[in-house]
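1. take a look and give me a structure for this.
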Amino acid sequence: MPSLKNASPPSPANSPSARRTTAVAVLAATIAFAGLALGLRSHWNSQHRVSITGDEPHYILASRALNYDHSLSTANQYAKSPFPGTIPAHAIVTKHGWLSVHGLGLPAFIALGDRLGGLAGIRFTMLLFGLGIVVVAFAGARLALLSNRLASLFALIFGASAPWLGAATQIYPDLPAGVIAASAVYVLIRRTQQPTERSWARLLLLTALAAVPFLHLRVLSPAALLTLTIIYFRRRPRFATACLEAGPFAISVALLFSYHLVGFGSLLGPYTSDSVSINATAMSVLFGLHLDQFQGMFIIQPLLLFAVPGLGILWKRSRSLTGILIALHLLLVIPSALHPTWYGGSSFAGRFGIAAALALATPAALGFAALTNAARRLAFGALAVVVIIEVFAYRALWIGSTPLLAQPARLPQRWYPSWIPALRAWLPAVNRLTWSLHNPINYLFPFTCIAGISTITIIALRARRSRRLWATTTFAALVIATMITGLLTPSHDQTVLALTDSVKRPGTLTDSGIAAPRGTTGETQIVATPTMLMRDRAHWAITIRYRAAPPNPSTITDMGLGQHSAPAGFVDLLLTPTSGATTTCRVALDQVVASTATTSIDFAARSDGTAFNLKISAMPNRELVVAAIDLRPSTTPRLAAVLCPRV
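-> Below you'll find the model as predicted:
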């Protein structure tokens with residue numbers, strides 16, 4: 001046994017006091033993140049907002065089939081589902097039962113939480129994955145040689161993006177997949193400046209990567225790339241060691257494909273060629289996953305912009321690893337962009353981009369650390385701007401003025417939300433192809449963004465003064481051009497809901513509008529607009545142009561009404577404040593005319609975030625045709641209009 005007096009002293013970084021300081025720093029950041037996420041979820045629960053929606057109930061039912069039925073068939077759970085709207089089931093009926101069309105990984109992950117605490121236990125399980133965002137960001141910041149305090153601050157600000165705080169308690173597979181990918185990226189970057197990690201840590205990470213394909217088939221290829229890179233990058237393992245380390249992933253893929261073949265009769269399982277769409281909309285979604293004002297990862301978390309100079313720094317250390325990380329980003333984001341459920345459907349904003357975004361955590365920490373060393377005031381100024389953005393975004397989620405969930409593609413541009421409302425006019429918006437193609441900001445903003453990233457990179461890499469001056473001047477010129485373009489772009493004060501794709505159409509679409517179906521025996525809904533959130537407390541006016549032919553005389557006699565007393569239909573304006581019950585304002589379409597007539601409704605709300613939608617129904621045997629629906633601000637309620645009560 002060696003003598004203690006001859007033993008070398010522990011290095012400062014590995015001393016017990018240093019480890020305690022690091023533990024306290026990361027614990028403080030994770031507690032703050034958990035407090036913000038749980039506070040938001042508790043507030044939503046008290047307001048009955050952002051409840052179970054989209055695919056969430058189907059993941060829960062699949063988990064309960066594993067938990068309580070000990071079966072992969074979800075038929076029994078759907079039969080006694082406590083969630084309304086889960087029929088039709090997200091399952092394929094096979095000879096083995098009702099097999100879920102969703103991956104088995106997430107139901108297995110949340111099974112223990114469901115067993116211990118029901119829905120609250122499931123959300124707590126998802127929160128544990130959310131805490132992984134902070135832990136990985138902190139580790140990346142420490143790897144970039146930031147102090148414990150600054151690393152803790154960076155990790156908290158990085159993780160506490162308002163949409164991610166909301167997503168931390170949502171039940172979707174993208175967040176766990178992103179945290180596992182981010183952990184793998186951290187390990188790979190760590191190898192460029194420190195010895196290879198311990199074997200137990202590597203085996204644990206490889207096992208986690210082996211579980212990723214069961215979360216969703218579109219993350220199989222990124223998991224395979226990371227597994228191979230961890231096995232071989234900056235290592236020369238023996239053949240037997242490489243086979244042993246690749247074993248968990250190989251077994252996982254074999255089990256997944258066997259399940260698909262036995263259960264669904266195809267290697268792809270429930271997925272078909274319809275699960276991928278390559279068209280102009282997919283390309284716009286690919287752009288939107290990066291820069292859209294509501295779905296874009298660089299708008300949701302601006303600190304990700306530091307990942308670009310971070311990759312530039314990494315390029316100097318290892319070009320091969322940098323290329324692998326770029327390929328990883330593409331493998332994570334492109335399949336999501338090609339998925340025809342654009343942006344993830346009725347799930348949290350940024351869902352389809354969150355895995356790729358989290359994988360950039362350590363590169364972002366490298367870029368931020370480099371800027372801190374080169375221009376500390378600029379780095380802290382950028383951090384302060386991000387904090388302000390996140391505070392306002394968190395407040396918007398709290399009061400309901402900005403939704404967490406993705407918005408339908410038929411939503412008019414004026415009602416499309418943004419995480420930075422003050423800059424809405426200067427940020428790209430590509431939720432709907434028909435109006436995104438004609439927005440000049442969508443073309444100019446990417447160049448401005450590239451110029452800004454290039455300027456940060458040049459400053460962080462301490463390039464020559466002439467280069468810094470040239471980059472700064474170019475960036476400033478593009479910022480000015482973007483601002484002028486945004487100011488000159490029409491503000492769309494009047495919004496016309498196109499009847500072809502902006503509203504649901506229970507009625508029949510004709511050349512002159514949406515008509516009531518013939519032969520109905522009761523009041524029939526023919527138009528339903530999407531639910532929209534009010535951005536301000538001003539009065540708004542809805543003007544409806546319609547045509548109502550005179551009714552059949554026998555119908556009037558049967559109803560006991562005079563010709564001018566029989567309404568052609570009704571307009572129902574549903575107003576739902578952030579807290580409180582829905583108020584319905586009903587207006588009769590009682591003008592009996594052969595030519596087009598109009599009616600208008602003025603309404604307002606006491607608070608931002610009041611949701612409203614419009615429904616138009618026709619009375620039986622009335623030839624009601626809705627020609628157009630216009631929305632516009634109304635500075636004062638018009639005397640001729642119907643004024644709905646303020647809610």
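
2. tell me the mean pLDDT over stretch 101-110?
-> The average pLDDT within stretch 101-110 is 92.

3. using PDB, list the CA coordinates for it.
-> Extracted in PDB, the C-alpha atoms of stretch 101-110 (Å, rounded to 0.1, in the frame of the first residue of the first chain):
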ATOM      1  CA  VAL A 101     -49.400   2.900 -34.200                       C
ATOM      2  CA  HIS A 102     -47.000   4.800 -31.800                       C
ATOM      3  CA  GLY A 103     -43.700   3.500 -30.600                       C
ATOM      4  CA  LEU A 104     -43.600   1.300 -27.500                       C
ATOM      5  CA  GLY A 105     -40.600   3.200 -26.000                       C
ATOM      6  CA  LEU A 106     -42.500   6.100 -24.400                       C
ATOM      7  CA  PRO A 107     -45.300   3.900 -23.000                       C
ATOM      8  CA  ALA A 108     -42.700   1.700 -21.400                       C
ATOM      9  CA  PHE A 109     -40.800   4.800 -20.000                       C
ATOM     10  CA  ILE A 110     -43.900   6.200 -18.400                       C
END
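
4. so where's the longest helix in the protein?
-> Assignment by DSSP state H gives helix 105-143 as the longest helix of the chain.

5. buried sites along that one?
-> For helix 105-143, a neighbour-count test (16 or more other C-beta atoms under 10 Å) marks 105-111, 113-114, 119, 121-127, 129-143 as buried. For glycine as for every other residue, the C-beta is placed from the backbone atoms N, C-alpha and C.

6. what does stretch 199-217 give?
-> Those would be 202, 205-206, 208-217, for stretch 199-217 by 16+ other C-beta under 10 Å.

7. quick one: distance of it to the chain centre.
-> Taking C-alpha atoms, centre = their mean, to the nearest Å, the mean C-alpha location of stretch 199-217 is offset from the chain mean by 24 Å.

8. please apply the same query to stretch 217-225.
-> 20 Å.

9. same deal with stretch 221-234?
-> Mean-position distance between stretch 221-234 and its chain equals 27 Å (C-alpha atoms, centre = their mean).

10. report the buried residues of it.
-> 221, 222, 223, 224, 225, 226, 227, 229, 230, 231, 233.

11. and the gap between the third one and residue 332?
-> According to C-beta to C-beta, to the nearest Å, residue 223 stands 10 Å off from residue 332.

12. shared neighbours of the two, anything?
-> Taking C-beta atoms under 8 Å, 6 or more residues apart in numbering as the contact rule, residue 223 and residue 332 both touch residue 181.

13. low pLDDT regions in the stretch 201-350 of the chain?
-> By pLDDT under 70, the stretch 201-350 of the chain contains no weakly predicted segment.

14. what about the helices in it?
-> 220-232, 239-264, 280-291, 297-300, 307-317, 319-338 (DSSP state H, counting those that start in this stretch).

15. packing partners of the fifth one?
-> Yep, that's helix 307-317 we're talking about. helix 319-338, helix 361-374, helix 441-460 (3 or more C-beta pairs under 8 Å, 6 or more residues apart in numbering; DSSP states H and E).

16. confirm for me that residue 110 is in contact with residue 127.
-> No: using C-beta atoms under 8 Å as the test, residue 110 is too far from residue 127 to be in contact (11.3 Å).

17. so what's residue 103 up against?
-> 173, 213, 214, 215, 216, 217.

18. can I get these in a markdown table with distance to residue 82?
-> As requested, the contacts of residue 103 are arranged in a markdown table below (distance: C-beta to C-beta, whole Å):
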| residue | distance to residue 82 |
| --- | --- |
| 173 | 22 |
| 213 | 30 |
| 214 | 25 |
| 215 | 25 |
| 216 | 25 |
| 217 | 29 |
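
19. which of these sits closest to residue 35?
-> Looking at those and their distance to residue 35, the nearest is residue 173, at 24.9 Å (C-beta to C-beta).

20. what's the burial count for the closest one?
-> 24 (other C-beta atoms under 10 Å).

21. skipping adjacent residues, who's closest to it in space?
-> residue 215 (3.8 Å; C-beta to C-beta, 6 or more residues apart in numbering).

22. show me the contacts for the one you found.
-> 103, 105, 106, 173, 176, 177 are the contacts of residue 215 under C-beta under 8 Å, 6+ apart.

23. please redo it, this time with the cut-off set to 10 Å
-> 102-106, 108-109, 172-177, 180, 223, 355 (C-beta atoms under 10 Å, 6 or more residues apart in numbering).

24. which of those residues lies closest to residue 465?
-> residue 355 (39.5 Å).

25. so the closest one belongs to a helix, correct?
-> Yes: the assignment for residue 355 is a helix, going by DSSP: H, G, I helix; E, B strand; the rest coil.

26. and it, how far from residue 325?
-> Residue 355 is 13 Å from residue 325, by C-beta to C-beta.

27. how about residue 627?
-> From residue 627 across to residue 325, the span is 54 Å (C-beta to C-beta).

28. neighbour count: the two, which is higher?
-> Comparing residue 627 with residue 325 by other C-beta under 10 Å, the one with more neighbours is residue 325, at 26 against 16.

29. ok, that one touching residue 312?
-> No: counting by C-beta atoms under 10 Å, residue 325 sits too far from residue 312 to count as a contact (11.9 Å).

30. quick check: pLDDT value at residue 150.
-> Model confidence at residue 150 (pLDDT) stands at 93.

31. tell me, how many residues neighbour it?
-> For residue 150, using other C-beta under 10 Å, the count is 20.

32. indicate which one of the helices of the stretch 201-350 of the chain is closest to residue 488.
-> Among the helices of the stretch 201-350 of the chain, if distance is taken as C-beta to C-beta, the winner is helix 280-291, at 20.3 Å.

33. by contact count, what packs against the closest one?
-> helix 297-300, helix 319-338, helix 351-358, helix 433-436, helix 441-460 (3 or more C-beta pairs under 10 Å, 6 or more residues apart in numbering; DSSP states H and E).

34. out of these, which one sits most buried?
-> Ranked by mean neighbour count, the helices and strands packed on helix 280-291 are led by helix 351-358 with a mean of 28 (mean count of other C-beta atoms under 10 Å).

35. convert that one to CSV, retaining C-alpha atoms only.
-> Presented in CSV, the C-alpha positions along helix 351-358 are these (Å, rounded to 0.1, in the frame of the first residue of the first chain):
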residue,chain,number,x,y,z
ARG,A,351,-41.9,19.4,-31.0
PHE,A,352,-40.5,18.2,-34.3
GLY,A,353,-37.3,20.3,-33.9
ILE,A,354,-36.6,19.8,-30.2
ALA,A,355,-34.4,16.7,-30.5
ALA,A,356,-32.2,18.4,-33.1
ALA,A,357,-32.1,21.6,-30.9
LEU,A,358,-31.1,19.8,-27.7
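
36. what helices and strands are in contact with that helix?
-> Taking 3+ C-beta pairs under 10 Å, 6+ apart as the contact cut, helix 351-358 packs with helix 105-143, helix 162-167, helix 174-190, helix 280-291, helix 297-300, helix 319-338.

37. could those go into JSON lines alongside distance to residue 486?
-> As requested, the helices and strands packed on helix 351-358 are arranged in JSON lines below (distance: least, C-beta to C-beta, whole Å):
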{"stretch": "helix 105-143", "distance to residue 486": "32"}
{"stretch": "helix 162-167", "distance to residue 486": "23"}
{"stretch": "helix 174-190", "distance to residue 486": "31"}
{"stretch": "helix 280-291", "distance to residue 486": "14"}
{"stretch": "helix 297-300", "distance to residue 486": "15"}
{"stretch": "helix 319-338", "distance to residue 486": "26"}
